[in-house]
Structures are given as C-alpha cells and as structure tokens.
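Student: build me a model:
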Amino acid sequence: MAKAKSGHNTVATVEALVRPVVEGMGLSLWDVRFEKEGPDWFLRIYIDKPGGLDIVTCEEATRAINPVIDEADPIDQSYYMEVGSPGLGRRLTREEHYAALAGQKIAARLIRPDEQGRRELEGILQGCEGGIVTLETPAGPVQFARTAASFVKLCDDEDLF
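Tutor: Numbers count the residues shown, from 1 in each chain. Below is the predicted model:
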C-alpha cells in the first residue's frame, strides 16, 4: 500500500484500514485525526459504543488495530497512536455525527460572525441538511453552514464557551 503523504490522505487511509477492525469488535469509528503537537505527530482513533467505553475496551481495540497499522505502514514519519473515546465534548466532524446527535445540545464557534454579529452559538441540534446546520435556540431557530464553523461540539448545560 502506498504511503499517505498528506494529513487528509493519512486519515482516509487509516480510516479504511481500521474501520473493519473496529466494527468487527461491535464498536463504531467516530473519527480519525492525524495532528501535530509541538514536535510530535499523533494518530488519534476515536471509537464509541452504546453505553460508552471503558479502558479495557480501548486497550482491546488498540491491540486489534496495532498490527493492522503496522503491517500497512501508511505513515512516513514517526508518531504516537492513541485509541480512545471521543468524550462528552465530542466534536461533530462528519455528516453522520449530526444525524446521530440530533436532539442533543451542541455548541458551535463560527469562523466569522454571522449577520447578527454572533460567533458563538449553542442550542439543540435539529439536523444538518445540504451542509446547513439548524439549531433551536431560546431566540428561535438558527442556521449556519458547516464550513462556516471552526468547531461544533456536543455540550452539556455546564459546558459553555
């Protein structure tokens, strides 16, 4: 298999490699990220299952994923691999995340202020259609393009900006 040369290609390659392993364990693959922090690179594989994860499940998934990644060797540089839960403040990065979390409270930070001058939004996620996210807020429905947000994440009542 050819080595992945960019961050996006690396993520797509790793996702294709690990999705069957993760799903074969009865888990779902939430996200894959290849991120640089300081001088180090991190391959982060976020998994989930109904009812949440425990450390034993994360360890089992790591042991199952490691040989697949090692054999394919899709990453040129050295990196640290982490397998874990996306957590309570999980970021919504894919279309399926919006469908899965409809009805939940989310927070979003826009790259630029909207027409009302807002950059930070929160409300109940109604859905995402055609790349447009709809939130129900106390002031009424708010819509924004997914691409206009620097992040969108699940939050609870105390998890505000």
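Student: tell me how many other residues crowd Glu136.
Tutor: Glu136 has 14 neighbouring residues, counting by other C-beta atoms under 10 Å. No exception for glycine: its C-beta is placed from N, CA and C like everyone else's.
Student: next, the residue nearest in space to the middle of the chain: phi, psi?
Tutor: Nearest to the geometric centre of the chain sits Asp31, at 4.2 Å (C-alpha atoms, centre = their mean). Here is the backbone geometry of Asp31 (degrees, to the nearest 10): phi -170, psi 160.
Student: wait, it touches Ile47, no?
Tutor: No - taking contacts as C-beta atoms under 8 Å, Asp31 lies outside contact range of Ile47: 9.1 Å.
Student: where does the record place the domain boundaries for this structure?
Tutor: Domain assignment for the chain, taken from automatic domain parsing, gives 7-84, 95-154.
Student: can I get the ones you listed in TSV including mean pLDDT?
Tutor: Below are these laid out as TSV (pLDDT from 0 to 100):
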stretch	mean pLDDT
domain 7-84	94
domain 95-154	94
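Student: how close does the residue nearest to the centre of the chain get to Lys153?
Tutor: 12 Å (C-beta to C-beta, to the nearest Å).
Student: which one is Val22 nearest to, not counting chain neighbours?
Tutor: Leu29 (4.7 Å; C-beta to C-beta, 6 or more residues apart in numbering).
Student: contact partners for the one you found?
Tutor: Residues in contact with Leu29 (C-beta atoms under 8 Å, 6 or more residues apart in numbering) are Glu15, Val18, Arg19, Val22, Glu23, Ile45, Tyr46, Ile47.
Student: contacting residues around the first one?
Tutor: Put plainly, it is Glu15. Contacts of Glu15 by C-beta under 8 Å, 6+ apart are Leu29, Val32.
Student: and what of the fifth one?
Tutor: Taking C-beta under 8 Å, 6+ apart, we find Glu23 in contact with Leu29.
Student: look at it and tell me its secondary structure.
Tutor: helix (DSSP: H, G, I helix; E, B strand; the rest coil).
Student: which residues in this structure form strands?
Tutor: Applying DSSP state E to the chain gives strands spanning 28-37, 40-48, 80-84, 105-110, 120-129, 132-137, 140-145, 149-154.
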